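Undergrad: My questions concern the predicted model and sequence given below.
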Amino acid sequence: MKKQSFPLLLSEIRACQVCEAHLPHGPRPVVQASEQATLLIIGQAPGRRVHETGIPWNDPSGDRLREWLNLSRDVFYDERHVAIIPTAFCYPGKGKSGDLPPRPECAPLWHPRLMQALPDIRLTLLVGRYAQEFALGERCKPTLTETVAAFREYLPHYLPLPHPSPRNQSWWKANPWFEAQVLPVLRERTAAALAA
Ligand code: SF4
């Protein structure tokens, strides 16, 4: 695959309209990255508020994710260190039970080129089932809970996480091992990746 300039790649992504016909609110690709980034966060797709502001994780889910990572907004939004790449870059709209899944065209189209352009990534956080399925493929366990519980299998490159949406309160309550076992490792590995 031929390497292209990073700013050009980002401009191509931000101008993308490939699945416009399926996006009820229109394309607005949201991505944060630079060639120097050492921590990569792959989420699912922007929600309504992120679509409106153009700022990734600029919502209660993002507040919780930053708390999990023990990162201030300043560090989280510093593209020199943190790359934020959803499974699909545009808001897919609402379905009967919450947001629709990420558009399936997006990750196969853009992720390989972006990953090739991010040579210094030390740790990739896979937030939610869609990100885990795309990045881990057959290495995913049958459920998100099992994949997150097996997080040590995917280190040092990947760390799977549940989605930090406030809707997932019942999951955290049902799985107290996440806070006790995963969060300390998550914080330690995040700090190490950013110090690289
Ligand atoms: S979701 Fe992805 S493929 Fe679809 S228009 Fe947005 S950037 Fe392009």
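TA: That came in fine, so what should we check first?

Undergrad: make it CA atoms for all contacts and neighbour counts henceforth
TA: OK.

Undergrad: Let me see the mean pLDDT of the lengthiest helix in the chain.
TA: The helix spanning the most residues in the chain, taking DSSP state H as the definition, is helix 183-195. Averaged over helix 183-195, pLDDT sits at 98.

Undergrad: Identify the residues contacting it?
TA: For helix 183-195, the external contacting residues (CA atoms under 8 Å, 6 or more residues apart in numbering) are 38, 39, 68, 69, 70, 81, 82, 121, 122, 123, 159.

Undergrad: Wait, residue 47 touches residue 89, no?
TA: No - in terms of CA atoms under 8 Å, residue 47 does not count as a neighbour of residue 89; the distance is 10.2 Å.

Undergrad: For residue 51, which non-adjacent residue is closest in space?
TA: For residue 51, ignoring the flanking residues on the chain, the nearest one in space by CA to CA, 6 or more residues apart in numbering is residue 91 at 5.9 Å.

Undergrad: Backbone dihedrals for the one you found, both of them.
TA: Recorded main-chain torsions at residue 91 are phi -70, psi 120, according to degrees, to the nearest 10.

Undergrad: do you know how far it is from the ligand?
TA: Using CA to the nearest ligand atom, to the nearest Å, one obtains 7 Å as the distance from residue 91 to the ligand.

Undergrad: Equivalent analysis for residue 5, please.
TA: Remark: distance between residue 5 and the ligand (CA to the nearest ligand atom) = 18 Å.

Undergrad: With residue 60 instead?
TA: Taking CA to the nearest ligand atom, one finds residue 60 at 22 Å from the ligand.

Undergrad: Strands along this structure, start to end?
TA: For the chain, the strands defined by DSSP state E occupy 39-43, 82-86, 94-95, 98-99, 123-127, 158-161.

Undergrad: Which strands border the first one, and is each parallel or antiparallel?
TA: What it means is strand 39-43. Sheet pairing of strand 39-43 (DSSP bridges) gives strand 82-86 (parallel), strand 123-127 (parallel).

Undergrad: if we can go back for a sec, of residue 47 and residue 89, who's got more company?
TA: Using other CA atoms under 10 Å as the criterion, residue 47 and residue 89 rank with residue 89 on top: 26 against 21.

Undergrad: Which strands border the worst-scoring helix or strand of the chain on mean pLDDT, and is each parallel or antiparallel?
TA: Across the helices and strands of the chain, mean pLDDT, DSSP states H and E gives its lowest value to strand 98-99, namely a mean of 86. Here the strand partners of strand 98-99, with direction, are listed using DSSP bridges: strand 94-95 (antiparallel).

Undergrad: how about the residues of the chain that lie near the ligand?
TA: The chain comes close to the ligand at residues 13, 16-20, 27, 29, 88-90, 103, 105-106, as judged by CA under 6 Å from any ligand atom.

Undergrad: Many thanks, we can stop here.
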